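In: Show me how the following folds:
(2 chains)
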There are 2 protein chains.
Amino acid sequence: MKKVGIGLLGLGTVGQGVANIISQPKDRHPLVGELELVSVAVRNLKKKRDVSIPDSILTTNPTEIINNPNIQIVVEVMGGIEPARSLIIQAIRAGKSVVTANKAVIARHGEEISNEAKAAGVYVLIEAAVGGGIPIIEPLKQSLGGNQITKVSGIINGTTNYILSRMDKEGVNYAEVLKDAQILGYAESDPAADVEGSDAADKIAILSGLAFGGAINRANIPTTGINLLEDIDVNYARKLGYGIKLLAISEKGETQPTSEDSQPLSVWVEPTLVPEDNPLAGVNGVNNAILVEGNPIGQVMFFGPGAGSGPTASAVVADILNIAGIQSMSEDKIFNLDPLLSAKGWRSCHVAEKEQITKKNYIRLIAEDSPGVIGEIGTIFGKKKISIESIVQFDAKDKKAEIVVITHKINQGQLEEALLDIENLPQVKRIASQMGCL
Amino acid sequence: MKKVGIGLLGLGTVGQGVANIISQPKDRHPLVGELELVSVAVRNLKKKRDVSIPDSILTTNPTEIINNPNIQIVVEVMGGIEPARSLIIQAIRAGKSVVTANKAVIARHGEEISNEAKAAGVYVLIEAAVGGGIPIIEPLKQSLGGNQITKVSGIINGTTNYILSRMDKEGVNYAEVLKDAQILGYAESDPAADVEGSDAADKIAILSGLAFGGAINRANIPTTGINLLEDIDVNYARKLGYGIKLLAISEKGETQPTSEDSQPLSVWVEPTLVPEDNPLAGVNGVNNAILVEGNPIGQVMFFGPGAGSGPTASAVVADILNIAGIQSMSEDKIFNLDPLLSAKGWRSCHVAEKEQITKKNYIRLIAEDSPGVIGEIGTIFGKKKISIESIVQFDAKDKKAEIVVITHKINQGQLEEALLDIENLPQVKRIASQMGCL
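Out: Have a look, this model is predicted:
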């Protein structure tokens, strides 16, 4: 078998992890020994790196990789939207298959890239884009294909899970843990994409497209991060028997499409109370876990390291081997994308209106410490036909009470209306926080 | 695309689950709609079943399926060694790809079947043979291929996990829970294969072959089931902060092969104490969980329903789609087995001698309640250079003491020697039980 030529766009932590695997094939799948790192595009030729790569294969010009006839698979591990997106498309047009870990590009330009790949007859594989080293893309595309998937949910951002785990276990506040996480390398110096939930929204957009067979508009996903989370809510949640996790969820919900045209999906990202006996409650630190529910499988969970050089490189190499394996079957002719291996959709899907989402809620209100206030709040919820699981009043001091309401599964449109009425009660000062609840 | 013809050997719970999925393709992967159930071999044509299959496609003669030119994929879901093994081989020789859920056949005759498949240029896929609906075979073959796998372990028998969960949570004894499990359909009327550990040994033999790239001799796996487990050990374990799970383990261990000839693997099945904070501790009821450890991925876990009609059928259909997808790529020409999709090994492996296994142990001794006995036991372990984590004496009554020893990770050969010496102590009546410990 002729060696399969690999070109790397980027040599950061993930790129170095990939180079390490390729350069040490012993005890790995034998196809790893058939890979050859032909060329690596970097920004700085002189930078010191933890991997021994001959200077002769480094280049600062990514186009050299795209046009190199000895490269069959281009691996994009530079991150960011541009020039990553343009380089992926150029590589596809040059007849190369592409492996990418770039969730931001795939979540926003996945359809465009999929169409380009189909037209060019090459593969674009994205295992590393979600869940780090956890095999989740291939299982969703292949191993669970016999199921009617009803829900995909989970913890898919390691940075925020690290922060939340420490806030929960040690009672440290958000700002302090974030600073620690930055020092330890678990959070970037600009942590916005992680802590504001946009990274998780990118990933749930990708998982949703694979699980339900059609891309959704990434921009329409209601997203709340953990950057405004107060420790007091972590405390109250714990007292009520819950931990808080940043969950990303995509589910079919009860609303069925009126026509065959487009499947509405309830998709959202938000800090969520997780009961202690839920399998997600035990997922701590930088780990990720993805739950997939469907018929007839019931529920399966995939758990593991959600980020980091090694795990992400493991997923990148999985995709490389997948393409190399297909090529070896067909003696170097690359096949057209088949429906199982491609990210190509088979139906149209869209993000349901936020008001259509049905879920449990945690709401914290600041109110006057007057005996009638819980009754008044209960009455408003009753009038709006919102069923309540619990109302608890916490430490009333300075004539101020903190009231925590946990609802049953309710329609969010109804909830918004009720909350407007509650905010207008003279005894209620403000709605201090609002989260999901499992 | 021409429909892909499916022939079923067997129409028990799994076979009916498969037929149900194929007959209701809506909301599943579009390839499900391209499958056609052509013929089904059953033992009794008149038996009532929960699935509507036209009588015209039922047959009592499995050879009809093997020789039917409209069938491309033969699905063996009859179970048992024979005639299942012979029918699988006949189907392969007739040029059909085979999907099977039969762990007993694959664990014992996997190499023979793999060689037959290679010679005939067809696929044999086995996702349903381990872990029910949990995708574990494909991830091991594909998604984790970039890793140097060091260990595969887990809970891979749902029947025993159901029994152990109830013994632990409710304090009910083994015989009673087994009876319940039989009434509920979680255990068979002859439960031997499950409770004596042989089903778990079949499955770890299969996982081990995929993880380490070479088949081991199934007959050499040291196997202890839960059929002799006493409630007293469940109680003591709980007091020490552990639950008990029937674990199947295959690991490379520290002994490296002296030549390149054969890789020794420490493989065993045994009831094992699991600390409460271990991810396996939370796996209860009929669920399964498989942990895979390797470099550079670290640790990933796959969790879900380990048995049952729907989950197992989900895995069978995954394999059917996989083969159908490859056929659709290649316009009905079936390719030679490629290393990624086949179960073909790339190195030789063998089960290490039991004495070579290094692990933690739980040992319960019955001894006289005399003040010197713990000292004597400790001295013997010390002489044999066996490091002890704890020795605890439980309820001494009738001049009889129960002593529980938990060792550090030690060589089992050394342990056997020490236990012989301990049994010869005049104060020691007997070694009442011995288990693994994580």
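
In: Mind giving me the packing neighbours of the longest strand anywhere in chain A?
Out: Longest strand in chain A, counting residues (DSSP state E): strand A:263-275. Taking 3 or more C-beta pairs under 8 Å, 6 or more residues apart in numbering or on different chains; DSSP states H and E as contact, the helices and strands that strand A:263-275 lies on are helix A:198-212, strand A:242-251, strand A:349-351, strand A:358-368, strand A:428-437. All C-beta spots, glycine's among them, are computed from the backbone N, C-alpha and C.

In: Would you reformat the ones you listed as CSV and include mean neighbour count and mean pLDDT?
Out: Written out in CSV, the entries for the helices and strands packed on strand A:263-275 read as follows (neighbours: other C-beta atoms under 10 Å in any protein chain shown; pLDDT from 0 to 100):
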stretch, mean neighbour count, mean pLDDT
helix A:198-212, 26, 95
strand A:242-251, 25, 97
strand A:349-351, 21, 90
strand A:358-368, 20, 95
strand A:428-437, 18, 95
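
In: so which of those gets nearest chain B?
Out: helix A:198-212 (8.7 Å; C-beta to the nearest C-beta).

In: what helices or strands is the closest one leaning on?
Out: Using 3+ C-beta pairs under 8 Å, 6+ apart, helix A:198-212 is in contact with helix A:103-120, strand A:148-155, strand A:242-251, strand A:263-275, strand A:349-351.

In: Columns distance to A:Ile71 on top of those, output as JSON lines?
Out: Below are those laid out as JSON lines (distance: least, C-beta to C-beta, whole Å):
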{"stretch": "helix A:103-120", "distance to A:Ile71": "15"}
{"stretch": "strand A:148-155", "distance to A:Ile71": "34"}
{"stretch": "strand A:242-251", "distance to A:Ile71": "35"}
{"stretch": "strand A:263-275", "distance to A:Ile71": "37"}
{"stretch": "strand A:349-351", "distance to A:Ile71": "35"}
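
In: right, and those - which one's nearest A:Asp50?
Out: The closest of the helices and strands packed on helix A:198-212 to A:Asp50 is helix A:103-120. By C-beta to C-beta, the value is 24.1 Å.

In: Let me know the next secondary structure element after that closest one.
Out: Taking DSSP states H and E as the definition, the helix or strand that follows helix A:103-120 towards the C-terminus is strand A:124-125.

In: Show me what that following strand is packed against.
Out: Counting by 3+ C-beta pairs under 8 Å, 6+ apart, strand A:124-125 packs on strand A:97-100, helix A:103-120, helix A:309-329.

In: Identify, out of the ones you listed, the most deeply packed stretch.
Out: Stretch with highest mean neighbour count among the helices and strands packed on strand A:124-125: strand A:97-100 (a mean of 28; mean count of other C-beta atoms under 10 Å in any protein chain shown).

In: Touching that one from outside, list them.
Out: Among residues not part of strand A:97-100, those counted as contacts by C-beta atoms under 8 Å, 6 or more residues apart in numbering or on different chains are A:72-77, A:84, A:88, A:91-92, A:106, A:113, A:117, A:122-126, A:128-129, A:316, A:319-320, A:323, A:334.

In: Run the chain-centre distance for that strand.
Out: Per C-alpha atoms, centre = their mean, to the nearest Å, the displacement of strand A:97-100 from the mean C-alpha position of its chain is 19 Å.

In: Could you do stretch A:390-406 as well?
Out: Mean-position distance between stretch A:390-406 and its chain equals 34 Å (C-alpha atoms, centre = their mean).

In: buried residues in that stretch?
Out: A:Ile391, A:Ala401, A:Glu402, A:Ile403, A:Val404, A:Val405, A:Ile406 (16 or more other C-beta atoms under 10 Å in any protein chain shown).

In: Looking at those residues, which one is closest to A:Leu31?
Out: Proximity of those to A:Leu31, judged by C-beta to C-beta, is greatest for A:Ile406, which lies at 51.3 Å.

In: That closest one pairs with what?
Out: Listed by DSSP bridges, the beta-bridge partners for A:Ile406 are A:Tyr362, A:Ser390.

In: doesn't A:Lys360 make contact with it?
Out: Yes: contact between A:Ile406 and A:Lys360 holds when scored by C-beta atoms under 8 Å: they sit 6.8 Å apart.

In: what residues are shared contacts of these two?
Out: What both A:Ile406 and A:Lys360 touch, as defined by C-beta under 8 Å, 6+ apart, is the set A:Glu389, A:Cys437.

In: avg pLDDT for stretch A:32-41?
Out: Taken as a whole, stretch A:32-41 carries a mean pLDDT of 96.

In: And chain B, is it touching that?
Out: Yes: remark: stretch A:32-41 sits within contact range of chain B at A:Val32, by C-beta under 8 Å from any C-beta of the partner chain.

In: For that stretch, buried residues please.
Out: Neighbour counts using 16+ other C-beta under 10 Å place A:Val32, A:Glu34, A:Leu35, A:Leu37, A:Val38, A:Ser39, A:Val40, A:Ala41 of stretch A:32-41 among the buried residues.

In: Which residue, other than its chain neighbours, is closest to the last one?
Out: Spatially, and ignoring its direct neighbours in sequence, A:Ala41 is nearest to A:Pro62 (4.1 Å; C-beta to C-beta, 6 or more residues apart in numbering or on different chains).

In: And for the one you found, the neighbour number?
Out: Residues within reach of A:Pro62, counting by other C-beta atoms under 10 Å in any protein chain shown, total 26.

In: Relative to chain B, which residue of the stretch 151-300 of chain A is the closest?
Out: Chain B sits closest to A:Pro296 of the stretch 151-300 of chain A, with a gap of 2.7 Å, by C-beta to the nearest C-beta.

In: Need the pLDDT of that residue.
Out: In this prediction A:Pro296 is given a pLDDT of 96.

In: need the contact list for it.
Out: Counting by C-beta under 8 Å, 6+ apart, A:Pro296 touches A:Asn147, B:Gly17, B:Asn20, B:Ile21, B:Gly133, B:Ser309, B:Gly310, B:Pro311, B:Ala313, B:Ser314.

In: follow-up on the earlier one: as CSV, the buried residues of stretch A:390-406 with distance to A:Ser56 and pLDDT would be great.
Out: Conversion of these to CSV gives the following (distance: C-beta to C-beta, whole Å; pLDDT from 0 to 100):
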residue, distance to A:Ser56, pLDDT
A:Ile391, 70, 94
A:Ala401, 71, 91
A:Glu402, 65, 94
A:Ile403, 68, 95
A:Val404, 63, 96
A:Val405, 65, 96
A:Ile406, 63, 96
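
In: any idea which of those residues is the one closest to chain B?
Out: For the buried residues of stretch A:390-406, the minimum distance to chain B (C-beta to the nearest C-beta) is 23.6 Å, reached by A:Ile406.

In: could you list every residue that touches that closest one?
Out: A:Ile406 is in contact with A:Leu240, A:Leu273, A:Lys360, A:Asn361, A:Tyr362, A:Ile363, A:Ile388, A:Glu389, A:Ser390, A:Cys437, counting by C-beta under 8 Å, 6+ apart.

In: if I look at it, how far off is A:Gly375?
Out: Going from A:Ile406 to A:Gly375 by C-beta to C-beta, to the nearest Å gives 17 Å.

In: for A:Ile216, same thing?
Out: 42 Å.

In: Which one of these two is surrounded by more residues?
Out: The residue with more neighbours, out of A:Ile216 and A:Gly375, is A:Ile216; 26 against 10, by other C-beta under 10 Å.

In: wait, isn't the more buried one in contact with A:Arg347?
Out: No: the pair A:Ile216 and A:Arg347 does not pass the contact test of C-beta under 8 Å, sitting 11.5 Å apart.

In: For burial, what's the neighbour tally of the spatially closest residue to A:Val42 that is not a sequence neighbour?
Out: Nearest-residue entry for A:Val42: A:Leu11, 4.8 Å, with adjacent residues in sequence omitted and distances by C-beta to C-beta, 6+ apart. A:Leu11: 22 surrounding residues under other C-beta under 10 Å.

In: repeat for A:Pro275
Out: Once other C-beta under 10 Å is used to define contacts, A:Pro275 is seen to have 13 neighbours.
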